[in-house]
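# What follows is a predicted protein model with its sequence.
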Amino acid sequence: MTATTQPAGASKGINALGLRKSYGEKVVLDGVDLQVAPGTIFALLGPNGAGKTTSVQILSTLISADEGQATVAGHSLEQDPDAVRSEIGVTGQFAAVDGLLTAEENLELIADLLHLDKAEGKRRAAELLERFELTDVAQKSASNFSGGMRRKLDLAMTLVGKPSIIFLDEPTTGLDPRSRRTMWQMIRDLVAGGTTIFLTTQYLEEADQLADRIAVLDGGKIVAEGTADELKRRIPGGYIKLRFDDARHLDAAAHTLSQATRNDEDLTLQIPSDGSIPALRQVLDGLERSGIHAEALTVHTPDLDDVFLALTGQGRKTATTDSATAVKETQR
């Protein structure tokens, strides 16, 4: 990776500019720019093969980019990778837990690898066992743990070195809905304590629930970035629905709001809208000027399923179908 200067605005978060990575003729990342503010959750979405894991591997110093520059926690990936490693923790798609060891031994092993003294390692292990509600199973072999417990232990192991930035590469893959929500709360608690989280996921609800900002990666490029609400507003299909208490008000509103679609059976009007406050205010002001009273109002905006499908292209039906299935599983 070529880098002589830090990206503009380098901070204790993550800043990357023009990251490129190829394997032979296969371009995995094609000029990716990323900016993650400290103490926030940043989610990277994309179908299988989009380059999410490669992005994590580069930013966590596991592999080098072919081109581009980046800083993580204020340190250059190329010029000071050891300093980057001292600031980060990484939890991959599959729990890196040694099933032959107990929960306590797994944590103490990480402490040894980080060169903590024995007393500090034991103290840190005990603290994390309590924090992740694993004290009761501290002396049990990890091979007997459920998927959710192994994930909790894996995250606890990541925290032994007190990282300021944690990379979570699809951390809830394979978890049941209850365990997934438990993991979400742990992630929120980490951020509340000042930790920065870089999250990759195909569970769209997960990104919607957790992320301060979301980037959509497709074909090695960032095709969209913003908050969940900003991304949803980019996709057509939103609307405002008005319900009236009688046909007289419905008729008057339909005359005033010419773009509306009416449903006489339900006494409702549906008006195309991006769901923004100015759009909502325009509808309400129009009704008020005409002296029309609506009994109820609801606003619908596209969800992240719609965003994902629209932005990642129709040529990736298999990946998007898998992702939509994953979202449905979280709602069961």
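Yep, it's here. For clarity, every value in this text was computed on a predicted model and none was experimentally measured. Numbers count the residues shown, from 1 in each chain.

# for this protein, what's the longest helix?
The single longest helix within the chain, with elements called by DSSP state H, is helix 177-192.

# And that one, what does it pack against?
Counting contacts by 3 or more Cβ pairs under 8 Å, 6 or more residues apart in numbering; DSSP states H and E, helix 177-192 is packed against helix 147-158, strand 196-201, helix 204-210, helix 317-330. C-beta coordinates here come from the backbone N, C-alpha and C atoms, glycine included.

# So what's the gap between stretch 203-211 and the chain middle?
Relative to its parent chain, stretch 203-211 has a centroid offset of 5 Å by Cα atoms, centre = their mean, to the nearest Å.

# quick one on the thing from earlier: where among the helices and strands packed on helix 177-192 is average confidence lowest?
Taking each of the helices and strands packed on helix 177-192 in turn, the one with the lowest mean pLDDT is helix 317-330, at a mean of 40.

# OK, contacts around residue 121?
107-108, 111-112, 160 (Cβ atoms under 8 Å, 6 or more residues apart in numbering).

# Can you list which of those are found in helices?
Where those overlap with helices, as defined by DSSP H, the overlap consists of 107-108, 111-112.

# Using ChimeraX, define a selection of the buried residues within the residues you listed.
One line in ChimeraX is enough to select the buried ones among those; burial here means 16 or more other Cβ atoms under 10 Å:
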select :107,108,111
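
# In a markdown table: the ones in helices among the contacts of residue 121, plus pLDDT.
Written out in a markdown table, the entries for these read as follows (pLDDT from 0 to 100):
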| residue | pLDDT |
| --- | --- |
| 107 | 95 |
| 108 | 96 |
| 111 | 95 |
| 112 | 95 |
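
# Just confirm residue 135 contacts residue 129, I think it does.
Yes - under the contact definition of Cβ atoms under 8 Å, residue 135 touches residue 129, with a separation of 4.9 Å.

# So those two - more neighbours on which side?
For residue 135 versus residue 129, the count of surrounding residues by other Cβ atoms under 10 Å is larger for residue 129: 20 against 14.

# Please identify the helix or strand for the more buried one.
Assigning secondary structure by DSSP states H and E places residue 129 in helix 118-131.

# Show me which positions of that helix end up buried.
When neighbours are counted by 16+ other Cβ under 10 Å, the buried residues of helix 118-131 are found to be 121, 124-125, 128-129.

# could those residues go into TSV alongside distance to residue 197 and pLDDT?
Rendered in TSV, the data for these read as follows (distance: Cβ to Cβ, whole Å; pLDDT from 0 to 100):
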residue	distance to residue 197	pLDDT
121	25	94
124	20	95
125	23	96
128	17	95
129	22	95
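
# What is the nearest of those to residue 166?
Using Cβ to Cβ, residue 128 is the member of the buried residues of helix 118-131 that lies nearest residue 166, at 13.6 Å.

# which residues in the chain form helices?
Listed in chain order (using DSSP H), the helices of the chain are 52-59, 81-87, 103-113, 118-131, 147-158, 177-192, 204-210, 228-233, 247-256, 277-289, 304-311, 317-330.

# want to try a markdown table for the ones you listed, with distance to residue 267 as columns?
A markdown table is the format used below for those (distance: least, Cβ to Cβ, whole Å):
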| stretch | distance to residue 267 |
| --- | --- |
| helix 52-59 | 46 |
| helix 81-87 | 59 |
| helix 103-113 | 59 |
| helix 118-131 | 54 |
| helix 147-158 | 47 |
| helix 177-192 | 37 |
| helix 204-210 | 32 |
| helix 228-233 | 27 |
| helix 247-256 | 5 |
| helix 277-289 | 15 |
| helix 304-311 | 27 |
| helix 317-330 | 32 |
